[in-house]
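Novice: Give me coordinates for this.
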Amino acid sequence: MKKIMLVCSAGMSTSLLVTKMMKAATEKGIEIDIFACSESEAKQKYNDVDIILLGPQVRFLLSKIQKSVEGKNIPVAVIDSIDYGTMNGPVVLEKALKL
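Specialist: Numbers count the residues shown, from 1 in each chain. So this is what the prediction gives:
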């Protein structure tokens, strides 16, 4: 089962997006674990995830997190601002799985 971690400033703003992504996964019959956390919590979970997505508000962390997971084959990407703003869980899930 894949694990996707969404990182934002405090781990709160991504909670609704996680819910919508999980709903989309359930509808497609995909077994997946998706959770949100803050930047400070994320550091402790790098080894436990398959994909890391950053909220647009923390896009500045992209290169820092990519360096932290270098050599671990963990893709890191920033969630598209429009998809994030509209809380488009199905699209964010699809993009994440393509990583």
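Novice: which strands and helices sit next to the lowest-mean-pLDDT helix or strand in the chain?
Specialist: Ranked by mean pLDDT, DSSP states H and E, the weakest helix or strand in the chain is helix 39-42, scoring a mean of 88. Using 3 or more Cβ pairs under 8 Å, 6 or more residues apart in numbering; DSSP states H and E, the elements in contact with helix 39-42 are strand 2-8. C-beta coordinates here come from the backbone N, C-alpha and C atoms, glycine included.
Novice: Sort out which residues of the strand it packs on are buried, please.
Specialist: The neighbour-count criterion (16 or more other Cβ atoms under 10 Å) identifies 4-8 as the buried residues of strand 2-8.
Novice: Name the surrounding residues that touch that strand.
Specialist: Residues from elsewhere that reach strand 2-8 (Cβ atoms under 8 Å, 6 or more residues apart in numbering): 14, 17-18, 21, 32-39, 42, 45, 48-55, 57-58, 61, 65, 79, 96-97.
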